[in-house]
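*Asks:* Turn this into a structure:
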Amino acid sequence: MTDKPVIVEVFGRTDVGMARDHNEDSFLVANLTTREVSLQPEVRSHELGTRGTLFMVADGMGGAAAGELASEMATETVASHMMEAWGNDQEATEQRFAYRLKEAVEIANSRIYEYARAHPENRGMGTTTTAAGAYGTALLLTQIGDSRGYLIRQGKIVQITKDQSLMQRLVDAGELTEEEAAVSERRNIILQALGPDPTVKVDLTRQELCKGDTLVMCSDGLSGLAKNEDILRIVTSAPDLVGACKDLIELANTRGGPDNITCIVARFGGPALPDPDGTVPMGHQVYPLLDTESTTEPVPVYQPEEQESARRTEQVQGRPTEPAQEKKSDAKKKWWQF
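*Replies:* Model prediction:
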């Protein structure tokens, strides 16, 4: 790591939206060097320490209070593991940081899965998770589900996470355009979540940071209603990060606010970061780990079911599904291996 500092400015906000009676989203900002988890002034603007900073958004599902519990368990578990396991590691390298971040997400999945097994009333509880860690001059991201991360640089915005959704898979296969996917009735189908199955396959990516870069993370309560250019316009025109978060949530609410809405906006500066010159790539860039022992297998697909059939199971591709579950929508969810 460089002796020159990276300066982090960050704020986050969550809102129940216009249609829900409770909030199943969670978010977290943690200075992993000082082990502070808050949005107090000392965290909202700080020098990036030797152990980095964690940003996390989780969007729970499962009905009743199960989704809220799942998202809280995810954020708390990831932050705790990073502060304890990574915080006490003798090997302080980018590879080790990335390994611990991925490991933390896998441990969170196991914890939620085991909790649901011990509490049958919460069977099927789960949560999406987008966890980003700033370390040195890099941003490492782990992705499960369809919450998102965007990077804004020099007046341009790029999505740097890839949705683990049926629509994204069809877009990648050339069977749908992004415009068609955005309005599809099946746009809420996700391919992974933390909790419903004992293993997950974590998407681990890396982004090299430049001076002035802005990270925006959000649940689909925002990304499902705001286009990239909407997010870019609001973040670049807001007087500060508090105002940016407020305006992003207000945008989603003025467009109906059918879901909970959560966002984190973080800006990076300081002499350690290079000035952007157009040569540093932006986008979804897979980060290979040297140690792949923690790699696990994909988990089931979630599909909305319009009919009231949460209590029945049916044969799909030769195996019965679990009872349908909710991802904070009136449509039910069922899962199977995709």
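*Asks:* CA only for contacts and neighbour counts going forward, please
*Replies:* OK.
*Asks:* Could you pull out the buried residues of stretch 10-23?
*Replies:* 10-18, 23 (16 or more other CA atoms under 10 Å).
*Asks:* Sorry, slip of the keys, the one I care about is stretch 229-238.
*Replies:* 231-232, 234-236.
*Asks:* average pLDDT across stretch 209-225?
*Replies:* Regarding stretch 209-225, the rounded mean pLDDT is 97.
*Asks:* Then stretch 72-81?
*Replies:* Rounded mean pLDDT across stretch 72-81 is 98.
*Asks:* cool, stretch 21-29 as well?
*Replies:* 96.
*Asks:* so what's Val265 up against?
*Replies:* For Val265, the contact set (CA atoms under 8 Å, 6 or more residues apart in numbering) comprises 10-12, 214-217, 241, 244-245.
*Asks:* Recalculate using a threshold of 6 Å.
*Replies:* Contacts for Val265 (CA atoms under 6 Å, 6 or more residues apart in numbering) come out as 10-11, 215-216.
*Asks:* which one among the buried residues of stretch 10-23 gets closest to Val43?
*Replies:* The closest of the buried residues of stretch 10-23 to Val43 turns out to be Val10 (CA to CA; 7.6 Å).
*Asks:* Shouldn't that closest one be within a strand?
*Replies:* Yes: counting by DSSP: H, G, I helix; E, B strand; the rest coil, Val10 is part of a strand.
*Asks:* Quick check: bridge partners of Ile157?
*Replies:* Beta-bridge pairing for Ile157 (DSSP bridges): Ile152.
*Asks:* And it, how far from Pro281?
*Replies:* 12 Å (CA to CA, to the nearest Å).
*Asks:* that's a helix at Ser71, yeah?
*Replies:* Yes: counting by three-state DSSP, Ser71 falls inside a helix.
*Asks:* Could you list which residues are in contact with it?
*Replies:* By CA under 6 Å, 6+ apart, the contact list for Ser71 reads 26, 58-60, 127.
*Asks:* picking up where we left off before, next, give me the two most distant ones among the buried residues of stretch 229-238.
*Replies:* Ile231 and Thr236 (8.4 Å).
*Asks:* Tell me which of Ile157 and Pro281 has more neighbours.
*Replies:* Between Ile157 and Pro281, counted using other CA atoms under 10 Å, Ile157 has the larger neighbour count: 20 against 10.
*Asks:* do you know how far that one is from Asn188?
*Replies:* 23 Å.
*Asks:* Ile190 and Gly62: what is the separation?
*Replies:* Counting by CA to CA, the gap from Ile190 to Gly62 is 14 Å.
*Asks:* what does Gly149 give?
*Replies:* Here the criterion is CA to CA. By it, Gly149 lies 23 Å from Gly62.
*Asks:* Please apply the same query to Val10.
*Replies:* With CA to CA as the criterion, Val10 and Gly62 are 30 Å apart.
*Asks:* Report the distance from stretch 7-15 to the chain centre.
*Replies:* Offset of stretch 7-15 from its chain centre (CA atoms, centre = their mean, to the nearest Å): 14 Å.
*Asks:* Rounded mean pLDDT for that stretch, please.
*Replies:* Mean pLDDT, computed over stretch 7-15, is 98.
*Asks:* how about the nearest residue to Glu72, chain neighbours excluded?
*Replies:* Residue nearest to Glu72 in three dimensions, not counting chain neighbours: Ser26, with 5.9 Å by CA to CA, 6 or more residues apart in numbering.
*Asks:* Count the neighbours of the one you found for me.
*Replies:* Ser26: 30 neighbours (other CA under 10 Å).
*Asks:* For it, give the beta-bridge partners.
*Replies:* Ala58.
*Asks:* Next up, the contacts around it.
*Replies:* Counting by CA under 6 Å, 6+ apart, Ser26 has contacts 57-58, 71-72.
*Asks:* Tabulate those residues in a markdown table, adding columns for distance to Glu175.
*Replies:* Shown next, in a markdown table, are the contacts of Ser26 (distance: CA to CA, whole Å):
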| residue | distance to Glu175 |
| --- | --- |
| Val57 | 30 |
| Ala58 | 29 |
| Ser71 | 32 |
| Glu72 | 36 |
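*Asks:* can you name the two of the residues you listed that are farthest apart?
*Replies:* Every pair of the contacts of Ser26 checked by CA to CA; the farthest is Val57 and Glu72, at 9.9 Å.
*Asks:* Off-centre distance for stretch 277-284?
*Replies:* Remark: stretch 277-284 is offset 21 Å from the chain centroid, using CA atoms, centre = their mean.
*Asks:* Can you give me the end-to-end span of that stretch?
*Replies:* Per CA to CA, the first residue of stretch 277-284 is 19 Å away from its last.
*Asks:* Helix, strand, or coil at the closest residue to Tyr287 other than its chain neighbours?
*Replies:* With sequence-adjacent residues excluded and distances taken as CA to CA, 6+ apart, Tyr287 is closest to Thr205, at 4.6 Å. Three-state call for Thr205 (three-state DSSP): strand.
*Asks:* and Thr205, what does it touch?
*Replies:* Contacts of Thr205 (CA under 6 Å, 6+ apart): 140-141, 285-287.
*Asks:* Would you state the predicted confidence (pLDDT) at the most centrally placed residue in the chain?
*Replies:* Nearest residue to the geometric centre of the chain (CA atoms, centre = their mean): Thr130, 1.8 Å. The predicted structure scores Thr130 at 98 on the pLDDT scale.
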